[in-house]
Every structure is written in C-alpha cells, then in structure tokens.
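*Asks:* Build the 3D model from these lines:
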Amino acid sequence: MAHEKTILGSVHGRGRLVKSILPLMETYFKPEPTPADILLEDGDNLGINGLEGNVLHTPGHTPGSSCFVIQGGFAFVGDLISSNGKPHVQPYFAQDWSNIPISVKKLQAMKPHWVYPGHGSDPIDEESLQGL
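*Replies:* Got it, this is the predicted structure:
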C-alpha cells in the first residue's frame, strides 16, 4: 500500500506544532489507510446486541466525524469535545472550523445526560455540555 499523507486541515494554537512535525513523524511511522468495516450515515440506528443508539453526523474536525448517542442519554463524541481541564470544544484541528459550532449545537439538541469525549478522563454532564 502506498504511503499516504495525513491531512490536518487548518490548525490553531498548539496544533501548529503538531502540523510542523507531522511530516517527520510520518517518515518513521508510515500510517496506512484503513478501509471502513461499516459505513454509517446521520440518523442510522446502531442496534448492536440490544443496545439502541443513533449516529449523529458532526462534521468539522473531519468531514466524517460522528457522535454515537446511546439509549439512556449517553453520547460518545470523539474529538468534537474534550474534558482535558475544563470541558471545551476541540480547539486545535479542523477540516472546516465553520461546522464545529453547528455540530456542537446538534449534539446539545440531543440533550445527552453524559458525554464521553475522545480526550480527557472525565465524562461531561448535560449542564456543562449546554454551557459550551
């Protein structure tokens, strides 16, 4: 498989450091493209082993970024939101910064009780999510 370049889109803040060293890192680590096992669309029902939930397409960080909102009000949000320190919207990397606030509002409208971000060790409660 050919060596592919990682495209970060535009970066803010400390993300500039990562973008500047990424070509060097890719020389040594050589990431390989990984085909999707399953393709999901906005609103798809997950229905995995009796666990109900839906896909929520939340582009911005990447064009295909999505959250999974599971029965009982649990949302798994990947890189859209972080709980490193005070809960905050992902501040460093985005393919389309204009989509990030739209995606956050879409998630807030789902009113999950708990949000589990891709970065940070603590879940975020509904009140903190609404305050972003």
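*Asks:* what residues are up against Ser66?
*Replies:* Leu40, Asp42, Val55, Leu56, His57, Thr58, Gly78 (CB atoms under 8 Å, 6 or more residues apart in numbering). Where you see a C-beta, it was placed from the backbone N, CA and C, and this is true even at glycine.
*Asks:* quick one: which two of those residues are the most distant?
*Replies:* Asp42 and Gly78 (14.6 Å; CB to CB).
*Asks:* of these two, who's got more company?
*Replies:* Remark: of Asp42 and Gly78, Gly78 carries more neighbours, 18 against 12, as counted by other CB atoms under 10 Å.
*Asks:* Could you report the neighbour count for the residue nearest to the more buried one when sequence neighbours are not counted?
*Replies:* Nearest residue to Gly78 in three dimensions, chain neighbours excluded: Gly118, at 4.3 Å (CB to CB, 6 or more residues apart in numbering). Using other CB under 10 Å, Gly118 is surrounded by 14 other residues.
*Asks:* Which secondary structure state does Gly118 sit in?
*Replies:* Under DSSP: H, G, I helix; E, B strand; the rest coil, Gly118 falls in the strand class.
*Asks:* Identify the residues contacting it.
*Replies:* By CB under 8 Å, 6+ apart, the contact list for Gly118 reads Val77, Gly78, Asp79, Ser82.
*Asks:* So which elements touch the lengthiest strand in the chain?
*Replies:* Determined from DSSP state E, the single longest strand within the chain is strand 74-82. For strand 74-82, the elements it packs on are strand 66-70, strand 88-89, helix 99-110, strand 114-119, judged by 3 or more CB pairs under 8 Å, 6 or more residues apart in numbering; DSSP states H and E.
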